[in-house]
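Enquirer: Fold the following and give me the result.
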Amino acid sequence: MAYFRILLRGIWSPPPGDYAGFFATRTVKSARIEDAKAAGLSALAHEWAETPFFEHGGAGLSLTVIDAWRVGWLRAWRSANGGHCFFSGDAESDAAGVEAKAAVAPPGSNIWRLAAHASTDARFFVFEPDA
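Expert: Numbering: from 1, shown residues only. Sure, this is the predicted structure:
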């Protein structure tokens with residue numbers, strides 16, 4: 001079994017409020033990367049299904065895997081396995097950059113391509129759960 005970091009994106013259509021979507025990264029232990037992607041996606045969908053926000057405006061949420069990569073046990077153990085980086089419709093690239101740095105995404109990861117178009121006047125919010 002290996003550890004994988006799974007970087008996910010949630011997009012609402014239509015947006016329920018000020019934020020169009022979010023990025024989240026989860027750590028998963030699995031034998032295969034494809035199984036890890038499915039487990040990360042399932043875990044995030046389960047998190048959102050249990051929130052009051054989902055029941056009152058979360059309709060239309062689409063979750064996708066942006067990238068996944070293998071990490072060592074120490075990185076997996078030290079990585080936060082919660083939190084989200086929410087973004088408004090015009091700030092997805094800026095939020096991608098924040099999430100890429102927080103997730104310690106490897107060079108060449110898909111998230112860095114999303115972050116390449118970052119602006120300076122973005123509006124986004126990072127939420128990390130209490131430890």
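Enquirer: For the longest helix seen in the chain, list every residue counted as buried.
Expert: In the chain, assigned by DSSP state H, the helix with the most residues is helix 33-49. By neighbour count on 16 or more other Cβ atoms under 10 Å, the buried set for helix 33-49 is 36-37, 39-41, 43-44, 48. C-beta coordinates here come from the backbone N, C-alpha and C atoms, glycine included.
Enquirer: Need the residues that contact that helix.
Expert: With Cβ atoms under 8 Å, 6 or more residues apart in numbering as the test, helix 33-49 has contacts from 2, 4, 6, 8, 10, 24, 26, 28-30, 54, 58, 61, 63-65, 68, 70.
Enquirer: let's go with 6 Å and repeat that
Expert: Here helix 33-49 makes contact (Cβ atoms under 6 Å, 6 or more residues apart in numbering) with 4, 6, 8, 24, 26, 28, 30, 54, 63, 65, 68.
Enquirer: Show me those residues that map onto strands.
Expert: 4, 6, 8, 24, 26, 28, 30, 63, 65, 68 (DSSP state E).
Enquirer: pLDDT-wise, what's the bottom of the buried residues of helix 33-49?
Expert: Within the buried residues of helix 33-49, pLDDT reaches its minimum at W48, with 80.
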